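S.K.: I would like the atomic coordinates for the input below:
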Amino acid sequence: LMDQFDLSETENAGAARRALPRAPKDIPCDTVGNPADPDASYNARKGMGYAAQFVETYREDDAAEAGEDAPDLITHVAVHKMTVHDGHRVLDALDDLANRHLLPERLTGDTAYGGPDNIALATQIGVSLVAPICSAKGRAQGNYTLEDFALSEDGRVARCPQGTEPVATSRSKAKLQASFDLTLCRACSEKHRCPVKPDRQTGDAGRFQYEPGRIETRAQRLYQQSDGFHDIYRWRAGIEASIARLKHQMNLAHLRIRGMPAMRYVTQLRALGLNIFRCTKFAGISRPARP
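M.R.: Numbering: from 1, shown residues only. Purely as a prediction, here's the structure:
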């Protein structure tokens, strides 16, 4: 009641109070949306229900040709609320795999699982996390970002996208800064796309500032545009087919159960069933006919 409604105030102590429904935008996503299933949560893109994470092995074509053929198996299953961001589940998955001695050398994931923090955490435990990073702010509008600037070895700006060198650069623990000749910037035909802006205090130079952490993010974004990244990342597409089989062949999309414990139990059993199907097919064991 308190999640979905506001109780009106009354002048008399004994008078009844009215329950006024809240506007949808004022109701948090982690509140109870269905009293019959209080563990279910809401996501604006996916609706009401539960979120599940899966980790699956995969084989490259070269491994199959070399005789290292094996079925692709699901090695990790996690079910949680829809309000938990996918990026927060990477470390839990790696911990679970490490505890069962199934830690991979390489883990691929979509954009939600990427990010400098997750990549750094995976690197610390010896796992290469290959996942795209979200585009820089302003890239969708066609604006220049740090990825368009040429940097020196220590991360300072060497040239702008139009080839102009800065008149001065500085670096501290909090930020890096490049100063450009404002006369050249005002005459540039691409100034409407450039993040270099006049100094707010003096107005006599064009300033461009960025945090030290952006240097590593820039390197990752440039790497994910390379052929080497695409050659590795293309193998992640296989998990989408597995998720489709879990939804339809194993009927995960329409479960007649409620509650987080039951949902986790059934999801793990369905993933195990899919693994059994794959192992029997790999071993050449035919499935029994239905009566």
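S.K.: Count the neighbours of the nearest residue to residue 216 once chain neighbours are set aside for me.
M.R.: Computed as C-beta to C-beta, 6 or more residues apart in numbering, the closest residue to residue 216 that is not its neighbour in sequence is residue 116, at 5.7 Å. Just so you know, the C-beta spots here come from the backbone N, C-alpha and C atoms, and that holds for glycine as well. Residue 116 has 14 neighbours, counted by other C-beta atoms under 10 Å.
S.K.: Spit out the contact partners of residue 116.
M.R.: Applying C-beta atoms under 8 Å, 6 or more residues apart in numbering, we find residue 116 in contact with 133, 213, 216, 217, 220.
S.K.: From residue 110, how far off is residue 250?
M.R.: Distance from residue 250 to residue 110, counting by C-beta to C-beta, to the nearest Å: 21 Å.
S.K.: which regions of the protein lie under the pLDDT threshold?
M.R.: The model of the chain has pLDDT under 70 over residues 11, 13-14, 62-68, 201-203, 287-291.
S.K.: re the thing from before, the residue nearest to residue 216 and residue 48: what is the separation?
M.R.: Residue 116 sits 32 Å away from residue 48, going by C-beta to C-beta.
S.K.: Over to residue 272?
M.R.: From residue 272 across to residue 48, the span is 26 Å (C-beta to C-beta).
S.K.: next one: residue 136
M.R.: For residue 136 relative to residue 48 (C-beta to C-beta), the value is 33 Å.
S.K.: just residue 151 next, same as before
M.R.: From residue 151 over to residue 48 the distance is 46 Å, taken as C-beta to C-beta.
S.K.: higher neighbour count, those two?
M.R.: Comparing residue 151 with residue 48 by other C-beta under 10 Å, the one with more neighbours is residue 151, at 18 against 13.
S.K.: Could I get the contacting residues of the more buried one?
M.R.: Residue 151 makes contact with 157, 158, 215, 218, according to C-beta under 8 Å, 6+ apart.
S.K.: Pull out the buried members of these.
M.R.: Buried residues within those, counting neighbours by 16 or more other C-beta atoms under 10 Å: 157, 218.
S.K.: need the contacts of residue 151 in CSV with secondary structure, can you?
M.R.: Rendered in CSV, the data for those read as follows (DSSP: H, G, I helix; E, B strand; the rest coil):
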residue, secondary structure
157, strand
158, strand
215, helix
218, helix
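S.K.: ok, which stretches of the chain are strands?
M.R.: For the chain, strands defined by DSSP state E occupy the ranges 5-7, 19-21, 41-43, 47-56, 74-81, 106-108, 128-130, 150-151, 157-159, 168-171, 176-180, 197-198, 206-210.
S.K.: looking at those strands, which is closest to residue 31?
M.R.: Closest to residue 31 of those is strand 41-43 (C-beta to C-beta; 8.0 Å).
S.K.: Flag every buried residue along that closest one.
M.R.: Residues of strand 41-43 classed as buried by neighbour count (16+ other C-beta under 10 Å): 41, 42.
S.K.: Stretch 233-243 now?
M.R.: Across stretch 233-243, burial judged by 16+ other C-beta under 10 Å covers 233, 236, 239, 242.
S.K.: now swap in stretch 251-264 and tell me
M.R.: Buried positions in stretch 251-264, judged by neighbour count with 16+ other C-beta under 10 Å: 252, 260, 263, 264.
S.K.: Now flag whichever of these is closest to residue 39.
M.R.: The closest of the buried residues of stretch 251-264 to residue 39 turns out to be residue 260 (C-beta to C-beta; 4.1 Å).
S.K.: For the residue nearest to the spatial centre of the chain, which non-adjacent residue is closest in space?
M.R.: The residue lying closest to the centre of the chain (C-alpha atoms, centre = their mean) is residue 112, at 0.9 Å. Nearest residue to residue 112 in three dimensions, chain neighbours excluded: residue 86, at 3.8 Å (C-beta to C-beta, 6+ apart).
S.K.: Residue 39 too?
M.R.: Residue 39 sits nearest to residue 260 (C-beta to C-beta, 6+ apart), 4.1 Å away.
S.K.: ok, now residue 160?
M.R.: residue 149 (5.9 Å).
S.K.: The one you found is in contact with residue 164, isn't it?
M.R.: No: with contact defined as C-beta atoms under 8 Å, residue 149 and residue 164 do not form a contacting pair (10.3 Å).
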